[in-house]
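S.K.: 3D, please:
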Amino acid sequence: MSKTLSERLQEDRRLVILRILGEQISYKANSSVLATALDHFGHAMSRDQVRTELAWLAEQGLVRLGSATPDGSVLLAQLTERGHEVKDGLAIVPGVARPRPGR
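M.R.: Reported below is the predicted structural model:
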């Protein structure tokens, strides 16, 4: 069964989130920074949509989540070891795009 464009875009957004986190010195970024970075890479998303994707990635064990603000309105995400493996194409998680060689 072929995937819809919407499903492919969602998988790519998730991979881009993992890649952005992988580029950070501490492998951490908050949801506000991620929303801005995603927009830069052509994935305009609301902060609420970013939080939803981060929650899904956390359920898969690809990121750890904490709160960056006292009220919890901004999440802090940190890439896990498994998240590193998925972003590098060493592990496969359905729902996350596989990186293409050389990219």
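
S.K.: centre of the chain to the lengthiest helix in the chain, how far?
M.R.: For the chain, the longest helix by residue count, based on DSSP state H, is helix 5-23. Its chain's average C-alpha position is 6 Å from that of helix 5-23, according to Cα atoms, centre = their mean, to the nearest Å.

S.K.: quick check: mean pLDDT of it?
M.R.: If you average the pLDDT over helix 5-23, you get 96.

S.K.: cool, stretch 62-77 as well?
M.R.: 90.

S.K.: who touches it?
M.R.: Stretch 62-77 is contacted from outside by 17-18, 21, 28-32, 34, 47, 51, 54-55, 57-58, 78-80, 82-83, 86, 93, 96, using Cβ atoms under 8 Å, 6 or more residues apart in numbering. (Glycine included, C-beta is placed from N, CA and C.)

S.K.: equivalent analysis for stretch 32-50, please.
M.R.: Under Cβ under 8 Å, 6+ apart, the answer for stretch 32-50 is 9, 12-13, 16-17, 20-21, 29, 31, 53-54, 68, 74, 77.

S.K.: how about the longest helix of the chain: buried residues?
M.R.: Gln10, Glu11, Arg13, Arg14, Leu15, Val16, Ile17, Leu18, Arg19, Ile20, Leu21 (16 or more other Cβ atoms under 10 Å).

S.K.: quick one: the helices in the chain?
M.R.: 5-23, 31-40, 47-59, 81-87.

S.K.: re earlier: CA atoms only: put the longest helix of the chain into CSV for me.
M.R.: Extracted C-alpha coordinates of helix 5-23, given in CSV (Å, rounded to 0.1, in the frame of the first residue of the first chain):
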residue,chain,number,x,y,z
LEU,A,5,1.8,12.7,0.6
SER,A,6,0.7,13.7,4.1
GLU,A,7,2.2,10.6,5.6
ARG,A,8,5.5,11.1,3.8
LEU,A,9,5.7,14.7,4.9
GLN,A,10,5.0,13.7,8.5
GLU,A,11,7.8,11.0,8.4
ASP,A,12,10.2,13.6,6.9
ARG,A,13,9.3,16.2,9.6
ARG,A,14,10.1,13.6,12.3
LEU,A,15,13.5,12.8,10.7
VAL,A,16,14.3,16.5,10.4
ILE,A,17,13.5,17.0,14.1
LEU,A,18,16.0,14.2,14.9
ARG,A,19,18.6,15.7,12.6
ILE,A,20,18.2,19.2,14.2
LEU,A,21,18.6,17.7,17.7
GLY,A,22,21.7,15.8,16.4
GLU,A,23,23.3,19.0,15.4
